[in-house]
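Engineer: Give me a 3D structure for the following:
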Amino acid sequence: MHTKKMLAGMVALTFIGSPSVATFAAQGKFKLAEISRSGKTATGQDIMFPSGKVEIVVGAGEFEADSETAMHKHPYPRSLYVLEGTFTVTEEGGQARNYSAGSFVTEAVDVWHTGGNSGSTPAKILVIDQVPEGFNNLVIKPK
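Structural biologist: All right, here's what the predicted structure looks like:
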């Protein structure tokens, strides 16, 4: 599926709870297949959003075969949707979780980890962050 079309669809999913979308869907002009619903991160933490003015930041990422990020953490909720391939999140200490195409996951908050692709084909992900206005959701672990 084309990344821009998937991106538009995922941004639309951000507004699922809006009465106007629900009303539109009820009129039969829009069909919505819920992909995921959870109040917990992948590690079982309650999902808590920043207070005050929040920005939703959406990005698309691609991991080459056999590649991995630096050790990092996210101070705010980060969700991702695996578009292609298999995406692996490995926590500091070795706990690894694999997510295949079609998986939606909310990553742990303030937990050191890497993200990567141990497969032989590229892995593509769509990332959705909810952060206080002007903030970044990535902290690289100092060496």
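Engineer: quick one: low-confidence ranges for this protein?
Structural biologist: For the chain, the stretches with pLDDT under 70 are 1-28.
Engineer: what about the strands in it?
Structural biologist: Under the criterion DSSP state E, strands of the chain are mapped to 54-63, 67-68, 72-73, 78-84, 86-91, 96-100, 104-106, 113-117, 123-132, 139-140.
Engineer: Tell me which of the ones you listed lies nearest to Thr43.
Structural biologist: strand 86-91 (7.6 Å; Cβ to Cβ). For every residue, glycine as well, the C-beta is placed using N, CA and C.
Engineer: name the helices or strands packed onto that closest one?
Structural biologist: strand 96-100, strand 113-117, strand 123-132 (3 or more Cβ pairs under 8 Å, 6 or more residues apart in numbering; DSSP states H and E).
Engineer: now the second one, how far from the chain's geometric center?
Structural biologist: Just to be clear, that refers to strand 113-117. 13 Å (Cα atoms, centre = their mean, to the nearest Å).
Engineer: Outside of that strand itself, list whatever touches it.
Structural biologist: Strand 113-117 is touched from outside by 63-73, 85-92, 107, 123, with contacts defined as Cβ atoms under 8 Å, 6 or more residues apart in numbering.
Engineer: Tell me what angle it forms with strand 54-63.
Structural biologist: Strand 113-117 and strand 54-63 are oriented at 50 degrees to each other (axes from the mean of the first three to the mean of the last three Cα atoms, to 10 degrees).
Engineer: how far off strand 78-84 does strand 113-117 point, in degrees?
Structural biologist: 10 degrees.
Engineer: now swap in the last one and tell me
Structural biologist: In this structure, strand 123-132 runs at an angle of 160 degrees to strand 78-84, with the same axes, to 10 degrees as the basis.
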